[in-house]
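> sequence and predicted structure, then a few things I'm wondering about:
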Amino acid sequence: MALKKSLTTEQKAFLSAAFAKYGPTISRKQVLELSKESSLPVQRWLLRLKEYRSKRGTYNLETILAASEVTTANASPTAKTASVSA
């Protein structure tokens, strides 16, 4: 499932830091801890995404990152040019 809108730079930075520190899944508690440790605010959008919950209070970061890459690839000017010229 693709994200409804592309991620901001701040959201991507948070997801990258979370993935590096905690791996492919993150709990609500870990989201709050990472927000407190870093200069980034609490990522409430992440806590509300039911599509990416693996179980109660746990979120699958790989799915979110994969969905954001697909959205970014579809929005790039080179992807549009390639599809038109093909």
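Arrived safely.
> and the helices in this structure?
Along the chain, counting by DSSP state H, helices occupy 9-22, 28-37, 44-48, 61-75, 77-85.
> in this structure, what spans have low per-residue confidence?
Within the chain, the stretches with pLDDT under 70 are 1-5, 69-86.
> rerun at 50
1, 70-86 (pLDDT under 50).
> looking only at stretch 39-59, what residues are buried by neighbour count?
For stretch 39-59, the neighbour count (16 or more other CB atoms under 10 Å) marks 43, 46, 49, 52-53, 59 as buried. C-beta here means a position set from N, CA and C on the backbone, and glycine is covered the same way.
> centre of the chain versus it, how much separation?
9 Å (CA atoms, centre = their mean, to the nearest Å).
> dump the C-alpha coordinates for it into PDB.
Provided in PDB are the C-alpha atoms of stretch 39-59 (Å, rounded to 0.1, in the frame of the first residue of the first chain):
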ATOM      1  CA  SER A  39      15.900  17.000  18.100                       C
ATOM      2  CA  LEU A  40      12.900  15.700  16.200                       C
ATOM      3  CA  PRO A  41       9.300  16.100  17.600                       C
ATOM      4  CA  VAL A  42       7.100  13.100  18.400                       C
ATOM      5  CA  GLN A  43       6.000  11.600  15.100                       C
ATOM      6  CA  ARG A  44       2.300  11.400  15.800                       C
ATOM      7  CA  TRP A  45       1.500  10.600  12.100                       C
ATOM      8  CA  LEU A  46       3.400   7.300  12.600                       C
ATOM      9  CA  LEU A  47       1.500   6.400  15.700                       C
ATOM     10  CA  ARG A  48      -1.800   6.900  13.800                       C
ATOM     11  CA  LEU A  49      -1.000   4.800  10.700                       C
ATOM     12  CA  LYS A  50      -3.100   1.600  11.300                       C
ATOM     13  CA  GLU A  51      -2.000   0.200   7.900                       C
ATOM     14  CA  TYR A  52       1.600  -0.200   9.200                       C
ATOM     15  CA  ARG A  53       0.900  -1.600  12.600                       C
ATOM     16  CA  SER A  54       2.300  -5.100  12.900                       C
ATOM     17  CA  LYS A  55       0.600  -5.600  16.300                       C
ATOM     18  CA  ARG A  56      -0.700  -3.400  19.000                       C
ATOM     19  CA  GLY A  57       1.700  -0.500  19.600                       C
ATOM     20  CA  THR A  58       4.300  -1.900  17.100                       C
ATOM     21  CA  TYR A  59       5.000  -0.500  13.700                       C
END
